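Participant: how would this look folded up:
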Amino acid sequence: MLKVGVIGYGGRGRGMIESMDMYGIPFEVAAITDPRGPEIRASDPKGLLTATRFYTDADVMLDSEKLDGVFVGTNCHLHTPMACKVAARNLPLFLEKPVAISFEQLRELQSAFAKVTAPVVVSFPLRLSPLVQKAREIIAAGIIGAVDHVVAWNDVPYGSVYYNSWYRDYELVQGLFLQKATHDFDYIFHLLDQKPKWVCAMKSQRIYGGDKPWDLVCEKCDERETCPESPVTLFHERFQGDRVNYWAAGNHCCFSKGIRHEDSGNAILEFENGVQASYSQNFFARNNAGRRGARLFGYKGTLEFEWYTNTLKVHSHRAPSTETLTYGGNMSHFGGDRELILDFLLAMRDGKPTRTGIQAGIMSALTCLCARQSAETRQFVEIKC
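Facilitator: Residues are numbered from 1 along each chain as shown. A predicted model of the protein is given here:
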């Protein structure tokens, strides 16, 4: 029976832990470090936490328990310090992204894991999704030739979460390249099998933020029946949910003073082999305008995939033909989460190396930080490992 420890039992961590039984590998949640212990124990639909011991200090938990692995699902600013605590015990680790939110944290992480031999799973489900795995197979087979150009996009249809929930606190998150581009940069690196060398980027804040009080919530707002982001509008005009739903965790005003997150951003990357990639993200596309995917261009053909439709296309440049693959199934994070879970289980049980190791997390976070620096300084930034 694998004994799992959890540091930060938030929504993401809870969902992943509750899904860990899908492979039939016996495990138990031996311990959780989280200040909301009683609340967490009271909300346990699958009965996973009946024997779980709760702590408020991660070091105490790690020193007191005999664990086979640790899941870190805290808020972003704590990912690095909690991961370093686990590294000091050389335990298998599941680490949420981004792995760090500053250059200083990246240096701490690199130092802490320099001699760690235990496997690490960084939460990068996109690179393990069926679409990317198939794309990598097609590229390796030479069907489109060498990849010489990449265009990627992420038009986020649920973007208000970054302005109305805890994510809105810039000090905890440090911008939205780190929140979203960290995934997209990683799968691009994975498909190209190259490291980025240079980045230039821009970002803008044209929609969210404003002059409303920071602590204003929708149910207390005089404009709650007319605001485009209010629960009333989400229900009545966008057909979201079966009723108007005010909920405290994500109900703060998107147009508050103090919101610093950009609502769109663009980056151009140059890789060590000279290939260039462009990436665009925005957080105010809605409904069917939401999309996420990429085009990879070779001399022989173009490979294109789109997660929201679960489709992959190969356009031949030699003949007027297109081959299309469509994937079915209701897959969490487009099918990548189940692969992350499997890697974590096998890392704990067998010590098996993972497919999303700590260096992948470090390279992605470094690129995001360099992109943010480029956007703020209006200069090209060299990505130095």
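Participant: wait, a strand at S111?
Facilitator: No - counting by DSSP: H, G, I helix; E, B strand; the rest coil, S111 is not found in a strand; it is helix.
Participant: now do it against D34, distance only.
Facilitator: 27 Å (Cβ to Cβ, to the nearest Å). For every residue, glycine as well, the C-beta is placed using N, CA and C.
Participant: residue ranges for the helices of this protein, please.
Facilitator: For the chain, helices defined by DSSP state H occupy the ranges 11-18, 37-42, 58-64, 79-89, 103-112, 130-140, 161-164, 170-173, 176, 182-192, 231-236, 336-350, 358-377.
Participant: picking that back up, neighbour count: S111 and D34, which is higher?
Facilitator: A direct count of neighbours by other Cβ atoms under 10 Å for S111 and D34 places D34 higher, at 20 against 11.
Participant: pretty sure the more buried one contacts F54?
Facilitator: Yes - between D34 and F54 there is a contact at 7.1 Å, judged by Cβ atoms under 8 Å.
Participant: who touches both of those two?
Facilitator: I40 (Cβ atoms under 8 Å, 6 or more residues apart in numbering).
Participant: pull up the gap between the closest residue to G328 other than its chain neighbours and V72, please.
Facilitator: Excluding its sequence neighbours, the residue lying closest to G328 (Cβ to Cβ, 6 or more residues apart in numbering) is N310, at 7.1 Å. If you measure N310 against V72 using Cβ to Cβ, the figure is 30 Å.
Participant: same question, R41
Facilitator: R41 is 20 Å from V72, by Cβ to Cβ.
Participant: who has more neighbours, these two?
Facilitator: Set side by side, R41 and V72 show more neighbours around V72, with 25 against 14, by other Cβ under 10 Å.
Participant: which stretches of the stretch 101-250 of the chain aren't confidently modelled?
Facilitator: Scanning the stretch 101-250 of the chain for pLDDT under 70 picks out 248-249.
Participant: and if we set it to 90?
Facilitator: Within the stretch 101-250 of the chain, the stretches falling below the threshold (pLDDT under 90) are 238, 240-241, 245-250.
Participant: what's near enough to touch L191?
Facilitator: V132, A135, R136, I139, V147, V150, A294, L296.
Participant: I'd say Q105 and A83 touch.
Facilitator: No - in this structure, Q105 is not within contact of A83 by Cβ under 8 Å, at 9.5 Å.
Participant: give me the more crowded residue out of the two.
Facilitator: Of the pair Q105 and A83, A83 is the one with more neighbours under other Cβ under 10 Å, namely 30 against 22.
Participant: quick one, what contacts the closest residue to the more buried one other than its chain neighbours?
Facilitator: Nearest residue to A83, sequence neighbours excluded (Cβ to Cβ, 6+ apart): L95, at 5.2 Å. Neighbouring residues of L95 by Cβ under 8 Å, 6+ apart: V72, H79, A83, V120, V121, V122, S123, I358, G361.
Participant: returning to that earlier point: and which of the contacts of L191 is nearest I259?
Facilitator: A294 (29.0 Å; Cβ to Cβ).
Participant: now for the closest residue to that closest one other than its chain neighbours, how many residues are close by?
Facilitator: Residue nearest to A294 in three dimensions, not counting chain neighbours: A152, with 3.9 Å by Cβ to Cβ, 6+ apart. Applying other Cβ under 10 Å, we find 22 residues neighbouring A152.
Participant: can you say which of the helices of the chain is nearest to K300?
Facilitator: helix 130-140 (11.0 Å).
Participant: buried residues in that closest one?
Facilitator: P130, L131, V132, K134, A135, R136, I138, I139 (16 or more other Cβ atoms under 10 Å).
Participant: please apply the same query to stretch 247-264.
Facilitator: G250, N251, H252, C253, C254, F255, S256, I259, H261, E262, D263, S264.
Participant: from G11, how far off is the first one?
Facilitator: Applying Cβ to Cβ, one obtains 10 Å for the distance of G250 from G11.
Participant: same question, the fourth one
Facilitator: Counting by Cβ to Cβ, the separation of C253 from G11 is 21 Å.
Participant: from the contacts of L191, which is closest to G209?
Facilitator: When the contacts of L191 are compared against G209 (criterion: Cβ to Cβ), the nearest one is A294, at 29.4 Å.
Participant: residues near the residue nearest to Q379 when sequence neighbours are not counted, how many?
Facilitator: Spatial nearest neighbour of Q379, chain neighbours left out: C200 (7.7 Å); criterion: Cβ to Cβ, 6+ apart. C200: 17 surrounding residues under other Cβ under 10 Å.
Participant: again with M82
Facilitator: Neighbours around M82, by other Cβ under 10 Å: 21.
Participant: okay but it is in contact with G13, surely?
Facilitator: No - M82 is not in contact with G13 according to Cβ under 8 Å; the separation is 11.5 Å.
Participant: got a list of what the residue nearest to Q379 touches?
Facilitator: Counting by Cβ under 8 Å, 6+ apart, C200 makes contact with A267, I268, S374, Q379, F380, V381.
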